[in-house]
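[1] any chance you could fold what I've pasted below:
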Amino acid sequence: MLAMRARAVTALLLLSLAASACGNKVELGTAAKIVDVTTGWFDAGVTEDGKNKLVPSISFRLQNTASQELHSTQLNLIFKRVTDKDEWTTSYVRGIGQEGLQAGATTEPIVVRAQQGYTGVQPRLTMLQNKEFVDFKVEIFGKQGSAAYVKLGEFPIERQLLTH
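    Numbering: from 1, shown residues only. Modelled structure (predicted):
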């Protein structure tokens, strides 16, 4: 009888632990909101062959809209020309560090600049006004641990020159 009672208590404890573990999972796609977004073309300087280089850039913060802490996240930003289905360039960055992000809190600004962009001999502002210029967009995906990436947002890259 005592053994049966001990098994029942053990089973109840295991069920409680399992239920609480399930309750601690926060869906990143609904809990992380992208806020304070600024996009544009960053002045990446002059290339070795003397051309001006502009790269698409985005600055944003992640806000935890859940009632629980968000844990470490990875972000994948895919930069695409709006006329193409395929990516132009991809950047992987940390979204939320190991310290986590408390409910209602917002990260410091996250700035991501693509490695590839446009080059030209004309002045940078003229490059943005060129009739051949093709606009870009950026898609932001995030994941926690071994979970699959989920789309967090998509933003057009504004035709404005960024210097920082």
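[2] C-alpha from now on. contacts and neighbour counts both.
    Fine.
[3] report the contact partners of the one residue sitting closest to the centre of the chain.
    The chain has Leu75 as the residue nearest its centroid, 4.0 Å off, counting by Cα atoms, centre = their mean. Contacts for Leu75 (Cα atoms under 8 Å, 6 or more residues apart in numbering) come out as 92-95, 140-143.
[4] could you dump those to JSON lines with pLDDT?
    Listed next are the contacts of Leu75 as JSON lines, based on pLDDT from 0 to 100:
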{"residue": "Tyr92", "pLDDT": "96"}
{"residue": "Val93", "pLDDT": "96"}
{"residue": "Arg94", "pLDDT": "95"}
{"residue": "Gly95", "pLDDT": "94"}
{"residue": "Ile140", "pLDDT": "98"}
{"residue": "Phe141", "pLDDT": "98"}
{"residue": "Gly142", "pLDDT": "97"}
{"residue": "Lys143", "pLDDT": "96"}
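[5] with respect to Thr38, which of those is nearest?
    Closest approach to Thr38 among the contacts of Leu75 (Cα to Cα): Ile140, at 13.7 Å.
[6] any idea how far the closest one is from Ala32?
    Applying Cα to Cα, to the nearest Å, the value for Ile140 to Ala32 is 11 Å.
[7] which residues are in contact with each of the two?
    Shared contacts of Ile140 and Ala32, counting by Cα under 8 Å, 6+ apart, come down to Leu152.
[8] name whatever forms a beta bridge with the residue nearest to the centre of the chain.
    Val93, Gly142 (DSSP bridges).
[9] need the pLDDT of it.
    Note on Leu75: pLDDT of 98.
[10] which stretches of the chain have low pLDDT?
    Counting by pLDDT under 70, the chain has low-confidence residues at 1-25.
[11] how about the strands of this structure, start to end?
    32-46, 52-64, 73-81, 89-96, 110-113, 118-120, 136-143, 150-156, 161-162 (DSSP state E).
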